[in-house]
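A.B. asks: I need the structure of the sequence given here:
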Amino acid sequence: MIWLLVALGALLVVVLYDVTQKQHAILRNFPIIGHFRYWLEAIGPELRQYIVTSNDEELPFSRDQRRWVYASAKKENNYSGFGTDNALETSPNYIILKHRTLGSHEDAPHDETWSLPVAKILGGHRERRHAFRPDSVAYVSGMSFGSLSAPAVEALNRGCRIAGCLHNTGEGGIAPHHLHGGDLIWQLGTGYFGARTETGGFDLDECVRKVDEHPVKAMEIKLSQGAKPGLGGVLPGKKVTPEIARIRGVEVGETVISPSGHRAFSTVDELLDFVETLADRTGRPVGIKSAVGELGFWEELADRMANEERGVDFIHIDGGEGGTGAAPFVFSDHVALPFNMGFSRVYRAFAERGVHEKVVWAGAGKLGFPERAMTAFCLGIDMIAVGREAMMAIGCIQAQRCHTGHCPTGVATQNKWLVRGLDPRDKGARLANYMITFRKEIILLCRACGVDHPSLLSAEEIEIVDEKFGSRTLRDVFGYQHGWEHPSRVDQAAILDVMESRTKRSVH
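C.D. replies: Model prediction:
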């Protein structure tokens, strides 16, 4: 009897500890039971020979990828031992970075935050009134309040403030949870949430007012999303709380389905008028986000920008492998080109017309890992947007329950019990740790390739290995001409000056 009471007392202590601690959302939401998840994770390497999936087989993100994000976010050892377990010579489309044999005897300037500013000035080519150079080549991609919980959004914004990177609001409008010190990119989707008329149209005056009242550094017009191109955003009714309904201007508890297209414009010509109006009224750089399907739109946009004064300040290409809170399987699986294919085709269309240098290029679609980011930089990207990787940094365990409202870690849900497990201050620090580590490894890879900044990479720096002991450079694979990549349009001395000034400013 005494031992039973002792056991029950011990369990009560564990329960009290679990529900009051703030480091682990799983334990706060699922006391005692949650420990089994961590125990299984801890003994996973020893048991791996008895299970089917390898370190690199799971999707959307493999065990190796998740482990790297988690370890980086917690400032733990993110190294691996005993060599690679990847089949380098027999894996199709395997990425190999070509390092410089002799390397460099000089270290690139950096501080404890591994500052890595963008090479170009956002809005600089068209001299927008509030043009600026982003402090970080990596930033948090658009994930709305509604799709994510309030503590999750707050954690992301706090982490962005610490790491000095931008935070895209997603199409759900600007919420109080976005206002914890991080600078914003305000995304305008087809629902125009936050700047919406009673009939669902776009309210320009309200938009200008919101921009002036909030830390909005740039505006992004969302044309489509990689995981569900051709469809508008979907927010299940279970997630539409009174607060979300008030911010978005919709009904409580009703599923919100944004239109598939914009009311404010329907042609490339009208889009450019819309962009210029926004830029003129707000002074902010204005860009577009889109997945890639047919190329006619991009060719016309490039033609007009080559022959007119109007143009977008940045283009954000979202790969078909990108994430979403809710989408039909067929759209996620079979609509929109993967990032490397889609981006290279759009970039080529602009490069052939000589206007690729007038645009800041951003990309998303599982690019939040150093080797994938390096591939994107070699293809011409200037900025990397991370979505699900940022979610994992603040606690997501890839449960894939985003569409149900029952995310066990409190990240992608509005369930009050589940949300309480996520402490935004602790998770904000983890997001910052992930971002800083991500930038650090990009810098180290750049140094291995003999350059000091990813903007100085070319399509020759990476080879794609096939399963027949052959390989081709990115330039050959994607049909790039010499001179299209970054070295033709970036002043290396200027970039080093920027990095050094950022380092000195951070240190002092």
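
A.B. asks: okay, now the unreliable bits of the stretch 251-400 of the chain?
C.D. replies: For the stretch 251-400 of the chain, residues meeting the criterion pLDDT under 70 lie at 325-327, 329.

A.B. asks: all strands for it, in order.
C.D. replies: Assigned by DSSP state E, counting those that start in this stretch, the strands in the stretch 251-400 of the chain fall at 256-257, 286-290, 314-318, 360-364, 383-386.

A.B. asks: now the stretch 1-150 of the chain
C.D. replies: Remark: strands assigned in the stretch 1-150 of the chain by DSSP E, counting those that start in this stretch are 94-97, 138-140.

A.B. asks: want to throw those into a markdown table with mean neighbour count and mean pLDDT?
C.D. replies: The C-beta positions use only the backbone N, C-alpha and C, and glycine is treated the same way. Converted to a markdown table, the strands of the stretch 1-150 of the chain look like this (neighbours: other CB atoms under 10 Å; pLDDT from 0 to 100):
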| stretch | mean neighbour count | mean pLDDT |
| --- | --- | --- |
| strand 94-97 | 16 | 88 |
| strand 138-140 | 27 | 98 |
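
A.B. asks: tell me which of these lies nearest to residue 352.
C.D. replies: For those, proximity to residue 352 was assessed by CB to CB; strand 94-97 is nearest, at 25.6 Å.

A.B. asks: run a quick neighbour tally on residue 89.
C.D. replies: 13 (other CB atoms under 10 Å).

A.B. asks: which one is it nearest to, not counting chain neighbours?
C.D. replies: residue 469 (6.1 Å; CB to CB, 6 or more residues apart in numbering).

A.B. asks: skipping adjacent residues, who's closest to the residue nearest the centre of the chain in space?
C.D. replies: When CA atoms, centre = their mean is applied to the chain, the residue found nearest the centroid is residue 386 (1.7 Å). Closest residue to residue 386 apart from its sequence neighbours, by CB to CB, 6+ apart: residue 368 at 3.6 Å.

A.B. asks: these two touch, right, the one you found and residue 438?
C.D. replies: Yes. Counting by CB atoms under 8 Å, residue 368 touches residue 438, with 6.6 Å between them.

A.B. asks: identify the contacts common to the two.
C.D. replies: 138, 386 (CB atoms under 8 Å, 6 or more residues apart in numbering).

A.B. asks: will you turn the strands of the stretch 1-150 of the chain into CSV that also has distance to residue 238?
C.D. replies: What follows is these, written out as CSV (distance: least, CB to CB, whole Å):
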stretch, distance to residue 238
strand 94-97, 40
strand 138-140, 24
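
A.B. asks: closest to residue 446 out of those strands?
C.D. replies: Closest of the strands of the stretch 1-150 of the chain to residue 446 is strand 94-97, at 9.7 Å (criterion: CB to CB).

A.B. asks: relative to residue 218, how far out is residue 390?
C.D. replies: Relative to residue 218, residue 390 is positioned 18 Å away (CB to CB, to the nearest Å).

A.B. asks: more neighbours: which of those two?
C.D. replies: A direct count of neighbours by other CB under 10 Å for residue 390 and residue 218 places residue 390 higher, at 32 against 28.

A.B. asks: quick one, what contacts that one?
C.D. replies: With CB under 8 Å, 6+ apart, residue 390 has these contacts: 140, 141, 143, 156, 159, 368, 431, 434.

A.B. asks: now, the most widely separated pair of those?
C.D. replies: Greatest spatial distance in the contacts of residue 390: 143 and 434, 14.8 Å, computed using CB to CB.

A.B. asks: show me what the longest strand along the chain is packed up against.
C.D. replies: Assignment by DSSP state E gives strand 216-222 as the longest strand of the chain. The contact analysis (3 or more CB pairs under 8 Å, 6 or more residues apart in numbering; DSSP states H and E) places strand 216-222 against strand 184-188, helix 268-282, strand 286-290, strand 314-318.

A.B. asks: out of the ones you listed, which gets nearest to residue 358?
C.D. replies: For residue 358, the closest of the helices and strands packed on strand 216-222 is strand 314-318, at 10.3 Å, according to CB to CB.

A.B. asks: picking that back up, neighbours of the residue nearest to residue 386, how many?
C.D. replies: Residues near residue 368, counting by other CB under 10 Å: 27.

A.B. asks: skipping adjacent residues, who's closest to residue 281 in space?
C.D. replies: Spatially, and ignoring its direct neighbours in sequence, residue 281 is nearest to residue 208 (5.0 Å; CB to CB, 6+ apart).

A.B. asks: cool, residue 306 as well?
C.D. replies: Spatial nearest neighbour of residue 306, chain neighbours left out: residue 353 (4.3 Å); criterion: CB to CB, 6+ apart.

A.B. asks: distance of the one you found relative to residue 7?
C.D. replies: Taking CB to CB, one finds residue 353 at 74 Å from residue 7.

A.B. asks: quick one, which of these two is more surrounded?
C.D. replies: residue 353 (16 against 10).

A.B. asks: that one: what's it in contact with?
C.D. replies: Applying CB under 8 Å, 6+ apart, the residues contacting residue 353 are 302, 303, 305, 306.

A.B. asks: next up, the contacts around the second one.
C.D. replies: Shown here is residue 303, whose contacts under the criterion CB under 8 Å, 6+ apart are residue 353.

A.B. asks: give me the number of neighbouring residues for the nearest residue to residue 80 once chain neighbours are set aside.
C.D. replies: Distances taken as CB to CB, 6+ apart place residue 64 nearest to residue 80, at 7.7 Å, with adjacent residues excluded. By other CB under 10 Å, 18 other residues sit near residue 64.

A.B. asks: done for today, thanks.
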